[in-house]
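K.L.:
Return atomic coordinates for the entry below.
(2 chains)
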Amino acid sequence: MFTHVLLPTDGSKLSEETIRKGMGLARSMNARVTGLSVLPKLRYFNYESEIPAGIKDEAARKCRETAETHLAFVRKAAEEAGVICQTASEIDDQPYEAIIRTAEKRGCDLIMMASHGRRGVKGVLLGSETQKVLTHTKIPVLVYR
Amino acid sequence: MFTHLLLPTDGTHLSRAAIRKGMLLAKALNARLTAITVIPEEHHQLYQADITTQAKQETERHYRAEVERRLAAVHKEAGDAGVRCETLCERSDHPYEAIIAAAGKYNCDLIVMASHGRRGVTGLLIGSETQKVLTHSKIPVLVVR
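P.N.:
Predicted coordinates:
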């Protein structure tokens, strides 16, 4: 059965539910998991050279902290479920690419992700990143809702 | 965890691969399995001309044989996997609707289906019925390629 599940998270509530369910699934199949946080590249204004270095560093630090918070949740859920867990964080404007790349690089045989992300369910029947992952990978994808 | 998997099949080899995966998953999770196949509704008119009784019978015979074939394949996969599997046949011109309705009616908590079906992979990144199930399902969907 599945041996290595990739669990992307964007910190949203649905992500967290998906992670919890994912841990239960991994546990039942004796699989390990990799939690992945993907954050977009930071953009400030059009004229980057005019941003004081301090502000850029501050923003980069906040970014790392956010990823860390999301991944800490994953690690805790894994510990509670008794599942072997690794975590990774990526910066990419195309989250679906980072997700697929990570899954392939780490030999994941299942990607389990929420049907929707941060932007929520407003008028969108299936989240855009989830849709893109589905259409671009050969790895099975479990869409959780 | 997931307790009752719904496995849609249209008889193609892609479907069968998804069924196989679904059965292994059900086994690992000790979950119930229901396979469903959907055939078109009875049509009594074609281009405003009534279909002859003979043609109708011909068509119905063809569908019965096709359903037999598809469900026999499912029972074989179940036998090979060592799992119990219930089977269903529904009539609908919109397979995704019948699939989602069955999931609700039989209290399934996960749908496992192939990314593509009868019309194959030509030009479509994800099959149209699978896409519709994904967008309209209220329960998680595992897409297998």
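
K.L.:
quick one, longest helix in chain B?
P.N.:
The helix that spans the most residues within chain B, counting by DSSP state H, is helix B:53-81.

K.L.:
Can you mark which positions in that one are buried?
P.N.:
Neighbour counts over helix B:53-81 (16 or more other Cβ atoms under 10 Å in any protein chain shown) mark B:67, B:70-71, B:73-74, B:77-78, B:81 as buried. In short, each C-beta sits where N, CA and C put it, glycine included.

K.L.:
Tell me if it is near chain A.
P.N.:
No - remark: helix B:53-81 sits outside contact range of chain A, by Cβ under 8 Å from any Cβ of the partner chain, the gap being at least 11.2 Å.

K.L.:
beta partners for A:Ala88?
P.N.:
Taking DSSP bridges as the rule, A:Ala88 bridges to A:Leu36.

K.L.:
quick one: contacts for A:Thr137?
P.N.:
A:100, A:103-104, A:111, B:145 (Cβ atoms under 8 Å, 6 or more residues apart in numbering or on different chains).

K.L.:
In chain B, what helix or strand scores lowest on average pLDDT?
P.N.:
Lowest by mean pLDDT, DSSP states H and E among the helices and strands of chain B is strand B:45-46, with a mean of 69.

K.L.:
and the gap between the closest residue to B:Ser137 other than its chain neighbours and chain A?
P.N.:
Leaving aside its sequence neighbours, B:Ser137 sits nearest to B:Ile100 (Cβ to Cβ, 6 or more residues apart in numbering or on different chains; 5.7 Å). To chain A, B:Ile100 is 12 Å away according to Cβ to the nearest Cβ, to the nearest Å.

K.L.:
Identify each buried residue in the helix or strand harbouring B:Ile100, please.
P.N.:
Under the criterion of DSSP states H and E, B:Ile100 resides in helix B:95-105. By 16+ other Cβ under 10 Å, the buried positions in helix B:95-105 come out as B:95-100, B:102-103.

K.L.:
Repeat that for stretch B:31-46.
P.N.:
Quick answer for stretch B:31-46 (16+ other Cβ under 10 Å): B:31-39.

K.L.:
Flag every residue of chain A that's near chain B.
P.N.:
Residues of chain A lying close to chain B by Cβ under 8 Å from any Cβ are A:1-2, A:21, A:24-25, A:28-29, A:115, A:125-126, A:134-145.

K.L.:
and if we set it to 6 Å?
P.N.:
Contact residues (Cβ under 6 Å from any Cβ of the partner chain) of chain A with chain B: A:1, A:24, A:28-29, A:125-126, A:134-135, A:138, A:140-144.

K.L.:
A:Lys62: which of the residues you listed is nearest?
P.N.:
Distance to A:Lys62 across these (Cβ to Cβ) is lowest for A:Tyr144, with 28.0 Å.

K.L.:
hmm, back to that, reformat the buried residues of stretch B:31-46 into TSV and put pLDDT and distance to A:Ala53 next to each item.
P.N.:
TSV is the format used below for the buried residues of stretch B:31-46 (pLDDT from 0 to 100; distance: Cβ to Cβ, whole Å):
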residue	pLDDT	distance to A:Ala53
B:Ala31	95	55
B:Arg32	94	60
B:Leu33	96	59
B:Thr34	97	61
B:Ala35	97	61
B:Ile36	97	60
B:Thr37	97	63
B:Val38	96	61
B:Ile39	94	66
